[in-house]
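Colleague: Quick one, fold the following:
(2 chains)
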Number of protein chains: 2
Amino acid sequence: MNIPITSFSRIIIIGGGFAGIALAKKLSKQEAQVVLLDKNNYHNFQPLLYQVSTGGLEPDSIAYPIRKVLKDFPNFHFRLANVTEIDTENNAVITNIGNLKFDYLVVASGSKTNYFGNTEVEKHSMAMKTIPQSLNLRSLILENFEEALLTSDLNERNALMNFVIVGGGPTGVELAGALAEIKKGILPKDYPDLDTRSVQINVIQASDCILKGMSAKASQKAEDFLEKLGVNVWKNIRVTNYDGKTVTTNTDLTFETATVIWAAGVKGALIKGLDAAGFITPSNRLLVNEFNQVKGLNHIFAIGDIACMVTNDFPNGLPMMAQPAIQQGKQLGDNMVRLFEDKPMKPFVYKDKGAMATIGRNKAVVDLKRFKFQGIFAWYVWMFVHLFFLIGFRNRMVVFINWVYNYVRFDREARLIIRPYKKNQKPIN
Amino acid sequence: MNIPITSFSRIIIIGGGFAGIALAKKLSKQEAQVVLLDKNNYHNFQPLLYQVSTGGLEPDSIAYPIRKVLKDFPNFHFRLANVTEIDTENNAVITNIGNLKFDYLVVASGSKTNYFGNTEVEKHSMAMKTIPQSLNLRSLILENFEEALLTSDLNERNALMNFVIVGGGPTGVELAGALAEIKKGILPKDYPDLDTRSVQINVIQASDCILKGMSAKASQKAEDFLEKLGVNVWKNIRVTNYDGKTVTTNTDLTFETATVIWAAGVKGALIKGLDAAGFITPSNRLLVNEFNQVKGLNHIFAIGDIACMVTNDFPNGLPMMAQPAIQQGKQLGDNMVRLFEDKPMKPFVYKDKGAMATIGRNKAVVDLKRFKFQGIFAWYVWMFVHLFFLIGFRNRMVVFINWVYNYVRFDREARLIIRPYKKNQKPIN
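Modeller: Now for the predicted structure:
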């Protein structure tokens, strides 16, 4: 059924995220040619993007050069490329730098922000899925305060100081907590001319609890933490539109704001050529079997966010998070080695290692299989785990030092507008 | 002659560079209102920009929020603004955020790249005077190698791997040395498919020695260091043009290259309104007297690169470097305090503290008044001095760790194309 991999085979991996990198490491000793394609020359650690947006960390310390990961893998070739299409008939990927045939293809293209078809929201709101997006958000937040200083129009000033985060998942919650700490610790010192008490931070959640995938205890405690920090948490409210000035919802509630951060959902980063067949879920993921094979295609695999593997525990597919991606990457790597040895593949079994989110200084929630805990110890665990999963010794050191500094000094020094975001202000070189 | 400063006076400082910040610190305890204007919300440490361009340091660790410098100065107001004109008749500055009257004005607007009127060179070459420019250069260098991998045209590939640095001052020399170390330590690992031995690094100097302001010994040693690192140093050659493909010179020599870094000169960042009067030097600097007063204007001062103070030792004006800027800022601060107390100002006396440049690992040249030395000890001195002058404890720590890491590992990890530079590749968010 499966063609064995030989030293003449070419395996193409699309995407150097958690899944792609975990897979690559397993294939480093094989003789088949492996080509890794990514539109960036770096792997980035998405769970810490919110700290880049809020000036707590430099972008460079949560990114890592993909070429450096692969430098000791003689069978690997990296190319910086945008894959535009997959030609399943001719077994080729079509990219902006040319076409390339494959024997085996692994799609690990990840996910992107899901606006659920609302183009106006997409146009006016900020996303936080990539490093450039996070830097844009950092610039915008700082530019808003500089502008708030200048206007004498109270409504405009309030809108500039009103932050609306749509989505109460880990991203929304962590960002809200970080903004609340900036409000408290940095704004009064940086903007003595501004009444920073009127800064509003709102989290809008469509369902009846935040951190939906976590335990009820974690969800409740996270909400308590946020409220302690002065964040307004709005539940059972669905955002219907944002025209650049006003957020409307399915209730009477509206928000006048200059900044909407859309963290309400993600969808698979689908590639043309795989989108026509009958194996796409509503959230643009590719249905895969227990070997991560895209339905009906023996030699095309999908892993990570783009893959939708349905299990008994997860009838809608495994969650779009780092852990399933890493585990699938590793498992597929082992399976490919088995194919190389002409042995049968083993089915993937997801090990749920739990979930965690940090809300602020000494405030985190952790759900492990056996233990669920919240507060300062959870916060230490959160930090330790994130440092552990960061790639690179230098990154870990720099992140650690920044965290210690920020903790001791109640500070976030990367509050620099290096590239202004607003379109009406041309970047000044 | 000089109007005394009172608590009703408004002092405007244009520019938060070395000069502006040194001045600001001296005025922190006065009762006069001080308004500091800068087009960026950060101070940046220009001497280390070349390390940002070459992936050795993150931009955030050589920049510092101006608001944080001023946070304990109750009489200070910072505004992010582009000053477009100075209205000397009405004593007002005209900015993109409105106009503002002053009693005393200090112009510390610094300098910008001088292309000596050659618009084609300006259009096609890279400058390295600001953080965004340095990041653009970092992206371009990395993009060039990615592109060199893809082309089968040997001439094109060579042009992509040929770097031409125009100007053998400290910027040109330090950048050339850093590129040479990348060629040796990083490229062979990152680009095993590319013959990185054919990477060329050229420094073109119009006069007969590099590091012209330094001692003959330093200049000669720096040249030796560069040649040891494989850099081609071309002396007595003047670049006449660069059309995006070919560098032409005043000799038969030409260079086919995709990357020209223009470090051949700077000129004052002049502001309209002060440019009409008869006090401008050919390099757009404002002639000032020994009190840093712009000629003929008692209440308008200029300090740092934009100011041209002629002394016996420096008939063409003090050099456009950090030390004169810092010393003038401090001295003017003291003088302004004297004006506040209705005392006469003291004339500025420049203390030449020497000069230094680093060429690479264990290779630097230092000229002090009494001692001139080169090599590994000079390199340690260079590092210590640069760490000392960096603003901020966190910045120092992060820079230090990066340096130790880069030294021990022969590495530079910030080799990330976070925002692609090339116009034909649209930035991918």
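
Colleague: Could you report the distance from the nearest residue to residue A:41 once chain neighbours are set aside to residue A:44?
Modeller: Using CB to CB, 6 or more residues apart in numbering or on different chains and skipping the chain neighbours, the partner closest in space to residue A:41 is residue B:417 (4.9 Å). C-beta here means a position set from N, CA and C on the backbone, and glycine is covered the same way. Taking CB to CB, to the nearest Å as the criterion, residue B:417 is separated from residue A:44 by 12 Å.

Colleague: Enumerate every residue touching residue A:54.
Modeller: The neighbours of residue A:54, taking CB atoms under 8 Å, 6 or more residues apart in numbering or on different chains as the test, are A:138, A:141, A:175, A:178-179, A:182, A:412.

Colleague: quick one: which of the residues you listed is most hemmed in?
Modeller: Using other CB atoms under 10 Å in any protein chain shown as the neighbour definition, the contacts of residue A:54 reach their maximum at residue A:179, which records 27 neighbours.

Colleague: I'd like to know which elements the helix or strand harbouring it is packed against.
Modeller: If you go by DSSP states H and E, residue A:179 is part of helix A:170-185. If you count contacts as 3 or more CB pairs under 8 Å, 6 or more residues apart in numbering or on different chains; DSSP states H and E, helix A:170-185 packs onto helix A:49-53, strand A:162-166, strand A:200-204, helix A:216-228, strand A:355-360.

Colleague: Tell me where the stretch 251-400 of chain A has strands.
Modeller: According to DSSP state E, counting those that start in this stretch, the stretch 251-400 of chain A carries its strands in the segments A:254-256, A:259-262, A:266-268, A:286-288, A:300-302, A:307-309, A:355-360, A:363-367, A:372-375.

Colleague: and the closest residue to chain B within the stretch 251-400 of chain A, how many residues sit next to it?
Modeller: For the stretch 251-400 of chain A, the residue positioned closest to chain B under CB to the nearest CB is residue A:394, at a distance of 4.6 Å. As a burial measure, the neighbour count of residue A:394 was computed by other CB under 10 Å and equals 22.

Colleague: Does residue A:84 fall in a helix, a strand, or a coil region?
Modeller: Using DSSP: H, G, I helix; E, B strand; the rest coil, the three-state assignment for residue A:84 comes out as strand.

Colleague: Point out the residues in the stretch 301-429 of chain A that sit beside chain B.
Modeller: Taking CB under 8 Å from any CB of the partner chain as the measure of proximity, the stretch 301-429 of chain A contacts chain B at A:392-395, A:397-398, A:401-402, A:405, A:409, A:411, A:413-419, A:427-429.

Colleague: Helices - which of these land there?
Modeller: A:393-395, A:397-398, A:401-402, A:405, A:409 (DSSP state H).

Colleague: any idea which of these is closest to residue A:130?
Modeller: Comparing these against residue A:130 with CB to CB picks out residue A:395 as the nearest, at 17.4 Å.

Colleague: so what's that closest one closest to, chain neighbours aside?
Modeller: By the measure of CB to CB, 6+ apart, the closest residue to residue A:395 outside its immediate chain neighbours is residue A:61, 5.1 Å from it.

Colleague: quick one, what contacts that neighbour?
Modeller: Residues A:394-395, A:398-399, A:402, B:58 are the ones in contact with residue A:61 under the rule CB under 8 Å, 6+ apart.

Colleague: biggest separation within these, which pair?
Modeller: Taking CB to CB as the measure, the contacts of residue A:61 reach their widest spread between A:394 and A:402, a distance of 12.5 Å.

Colleague: Residue A:259 touches residue A:141, doesn't it?
Modeller: Yes - under the criterion of CB atoms under 8 Å, residue A:259 is in contact with residue A:141, at a separation of 6.9 Å.

Colleague: Now the common contact residues for those two.
Modeller: Common neighbours of residue A:259 and residue A:141, using CB under 8 Å, 6+ apart, are residue A:163.

Colleague: what about residue A:145, neighbour count?
Modeller: A count of neighbours around residue A:145, defined by other CB under 10 Å, yields 22.

Colleague: Same question for the one 10 residues further on.
Modeller: Using other CB under 10 Å, residue A:155 has 10 neighbouring residues.

Colleague: got the contact list for it?
Modeller: If you count contacts by CB under 8 Å, 6+ apart, residue A:155 has them with residue A:256.

Colleague: What pLDDT does the model give the closest residue to residue A:98 other than its chain neighbours?
Modeller: Counting by CB to CB, 6+ apart, the nearest residue to residue A:98 once its immediate chain neighbours are dropped is residue B:150, at 7.5 Å. Confidence at residue B:150, expressed as pLDDT, is 94.

Colleague: Residue A:136 now?
Modeller: Per-residue confidence for residue A:136 comes out at a pLDDT of 96.

Colleague: Need phi/psi at it.
Modeller: phi -60, psi -40 (degrees, to the nearest 10).

Colleague: Make sure it is actually in contact with residue A:422.
Modeller: No - if you go by CB under 8 Å, residue A:136 and residue A:422 don't touch, sitting 9.7 Å apart.

Colleague: Which one's more surrounded, those two?
Modeller: When residue A:136 and residue A:422 are compared for neighbours, residue A:136 comes out ahead with 20 against 15, by other CB under 10 Å.

Colleague: Great, nothing more from me.
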